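Asks: Provided below for reference: sequence and predicted model.
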Amino acid sequence: MRIATWNVNSVKARLPYLLDWLATREPDVVCLQELKAPDEKFPRAELAEAGYHAYVHGQPRWNGVAVLSRQPGTMTQAGLPGAADHGARLITVTIDELSVTSVYVPNGKHLQHADFTMKLAWLSSLVDYLSDSLSGGGAVVVAGDFNVTCSDADTHDPEGLRDHIFHSAEERAAMTKLVDAGLVDLYRETNPEGGMFSWWDYRGGGFHRNLGLRIDLLMASPTILQSVQEVWTDRDFRKKRDGQTPSDHAPVIADLDGRG
């Protein structure tokens, strides 16, 4: 089984990339973020033709999350309970006995901004929302753009960016609470030395110089970790293709036992 997450930074702008990637990598389940499209503008027909069921919580111009699946599922939640004012940032879909949640954590802007306090509150609400499903011992995947580097291994400049947004002790403590609630970071558990990034700034040749951050995570219950073969960043789809501009994020992929 292949599970992936990708902040596409506009599903309309990146649709050729998305369709090419789906055909090339053949994932079974995909969490998407930053759709920047309302539900009615989401390209359901194109994705159905590509072989995917689409479950969408969209929003015009900003935010938006989705889950794509080869198998039909049931959408059980659209929006983080109690945080609707902060945008379309969470969707949960049950596929067979697997619970899949796609999240787009608020950016926070900077540590003195009101959005930073909101970001911490949003992450706290996420822990509350997930606690029931995690305590049940079932198979759970929570994937998306978390806008946090969980450790110094997840940033190209740990000293220079210390106490900046994405790198603060408060954000990392909030992520630790997700781990305490029962989630594991699939990449970190299988690659303890780090070295993989998922986001690079468009400016200053960040991608080619590998000045990146690992902020796109595949988190899951321990039952999922037991079947992980490999977790990797699909850098090929962060590159320009046929003159098209890629998202500033690359897909992150987990291959599990039973693939194929």
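Replies: All right, it came through fine.

Asks: tell me the contacts of the residue positioned nearest the centre of the chain?
Replies: Closest residue to the average C-alpha location of the chain: residue 144 at 1.2 Å, with Cα atoms, centre = their mean. Contact analysis of residue 144 by Cβ atoms under 8 Å, 6 or more residues apart in numbering lists 5, 7, 31, 33, 65, 101-105, 216-217. (Each C-beta comes from the backbone N, C-alpha and C, glycine too.)

Asks: and it, bridged to which residues?
Replies: Beta bridges link residue 144 to residue 103, residue 217 when assigned by DSSP bridges.

Asks: how close does it sit to residue 50?
Replies: Residue 144 sits at a distance of 21 Å from residue 50 (criterion: Cβ to Cβ, to the nearest Å).

Asks: in terms of pLDDT, where does the closest residue to residue 43 other than its chain neighbours sit?
Replies: Nearest residue to residue 43 in three dimensions, chain neighbours excluded: residue 15, at 5.7 Å (Cβ to Cβ, 6 or more residues apart in numbering). On the pLDDT scale, residue 15 is placed at 98.

Asks: would you list the phi and psi of the nearest residue to residue 44 once chain neighbours are set aside?
Replies: Nearest non-adjacent residue to residue 44, counting by Cβ to Cβ, 6+ apart: residue 54, 5.1 Å away. Here is the backbone geometry of residue 54 (degrees, to the nearest 10): phi -120, psi 130.

Asks: so who does residue 54 touch?
Replies: Contacts for residue 54 (Cβ under 8 Å, 6+ apart) come out as 42, 44, 47-48, 66-68.

Asks: beta partners of it?
Replies: residue 68.

Asks: and it, how far from residue 244?
Replies: Distance of residue 54 to residue 244, computed by Cβ to Cβ: 22 Å.

Asks: which one is residue 220 nearest to, not counting chain neighbours?
Replies: Per Cβ to Cβ, 6+ apart, closest to residue 220 is residue 141, 4.7 Å.

Asks: re the thing from before, just checking, which of the contacts of residue 54 belong to helices?
Replies: 44, 47-48 (DSSP state H).

Asks: name the residues of the longest helix along the chain that are buried.
Replies: Counting residues, the longest helix found in the chain (DSSP H) is helix 114-135. For helix 114-135, the neighbour count (16 or more other Cβ atoms under 10 Å) marks 116, 118-120, 122-123, 125-127, 129-130, 133-134 as buried.

Asks: what does stretch 70-83 give?
Replies: For stretch 70-83, burial by neighbour count (16+ other Cβ under 10 Å) applies to 70, 73, 77-80, 83.

Asks: I'd like the mean pLDDT over the host helix or strand of residue 141, please.
Replies: Using DSSP states H and E, residue 141 falls within strand 139-145. For strand 139-145, mean pLDDT rounds to 98.

Asks: centre of the chain to it, how far?
Replies: Centre-to-centre, strand 139-145 and its host chain are 7 Å apart (Cα atoms, centre = their mean, to the nearest Å).

Asks: next SSE downstream of that strand?
Replies: helix 169-181.
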